[in-house]
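Peer 1: Following is a predicted model, sequence given first.
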Amino acid sequence: MFLRERIQDGSRYLNDRSTLRGHAKNVILPNDETELREGIRYSSKGNTKVTISGSRMGSRGGSVPTGGDVMSMEHLSGIIGVGKDEIGPYLRVLPCTTISQFNNALSVGGIVPIVEGEEVDTTGKVFPVSVSLEHSVGGTVAINRSNIRPYVRRIKVVFSDSTFMTMDRGEYKAEGRRIMFPAGRNYFSFDLPEYDSTDDYGPKISADMDLLDLFIGSEGIFGIITEVDIYLSDRVEENPTIESGKMDNGKIVEKYGQKAEDDLRRIKEILDTNYILNIGNLL
């Protein structure tokens, strides 16, 4: 059973590194994905808005709640295992794993292989892009910090009705502007917006796009990321990041027009039927 506690005045769950201060009634503190799914199911049945809170290292207010409950991911932290494919080695982690924990695990070694008996050489490997050590991997993927997108191999997502799915890069791709995929007991099929996005803000939108890229950079408005595979690198790539959040309301409209926001809102209403995921501020 998940833990749900009343939020007191001055609680750390009401702010991040921005100047914003939020308000919420309770904090849900799942210890694992099962408890997270129970918590999100509880919230969905009561139509209670949920703001996801990770390391709260953002400076634009993305994790600052505006009512409802806070879902804290702080206990969903740690290394799941190491693997490799035709591209190279990767690390599978829980979402609130920090970049420091990620790199320390590689430095110490002895990580359990995802495929039993498989030998994966991680000598000299590091987290692939420049991100502060206190930031979480899940948060980095959620806002595409430092353009982590090309290094994301696989994610697991829990939807607001508590169903979940895993998706590998290349597993589900749009046919033109139409994308279709199964998720738990659901089957989704919808048209993508007509605009082509850049990598600096919001989810990737383009014809024939990979489903994975709809969730990377989306700030969790479509679902909650609970596992991430990150390809390892020999060096740290220095990339700029345009961080988003509640202090940047209207950026989608500003960059791509009102129809772009309307089309993303339509997708959110399909994937988050009760519209309870109150994460970030893209919509």
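Peer 2: Arrived safely.
Peer 1: what comes into contact with the helix or strand of the chain with the lowest mean pLDDT?
Peer 2: Sorting the helices and strands of the chain by mean pLDDT, DSSP states H and E puts helix 251-256 at the bottom, at a mean of 87. The contact list for helix 251-256, computed with Cβ atoms under 8 Å, 6 or more residues apart in numbering, reads 193, 195, 197-198, 201-202, 244, 260-261, 264, 282-283. Bear in mind the C-beta positions are built from the backbone N, C-alpha and C, glycine included.
Peer 1: And stretch 265-279, by the same measure?
Peer 2: For stretch 265-279, contacts defined as Cβ under 8 Å, 6+ apart pick out 40, 43-44, 47-52, 62-63, 65-68, 142, 159-161, 188, 190, 192-193, 214, 219-224, 283.
Peer 1: Please pick the buried ones from those.
Peer 2: Among the contacts of stretch 265-279, those buried by neighbour count (16 or more other Cβ atoms under 10 Å) are 40, 43-44, 48-52, 62-63, 65, 68, 142, 159-161, 188, 190, 192-193, 214, 219-224, 283.
Peer 1: Could you list which of the residues you listed belong to helices?
Peer 2: 40, 43-44, 142, 214 (DSSP state H).
Peer 1: Which two of these have the greatest separation?
Peer 2: Largest separation among these by Cβ to Cβ: 43 and 214, giving 22.5 Å.
Peer 1: Three-state assignment for the residue of the chain most remote from its centre, please.
Peer 2: Centroid-distance maximum for the chain: residue 117 at 30.0 Å, with Cα atoms, centre = their mean. Here residue 117 takes the coil state, with states given by DSSP: H, G, I helix; E, B strand; the rest coil.
Peer 1: now do residue 217
Peer 2: coil.
Peer 1: Count the neighbours of it for me.
Peer 2: Residue 217 is flanked by 25 other residues according to other Cβ atoms under 10 Å.
Peer 1: In contact with it, which residues?
Peer 2: Contacts for residue 217 were tallied using Cβ under 8 Å, 6+ apart; they are 142-144, 149, 199, 201-204.
Peer 1: same thing with residue 239?
Peer 2: Applying Cβ under 8 Å, 6+ apart, the residues near residue 239 are 129-130, 146-147.
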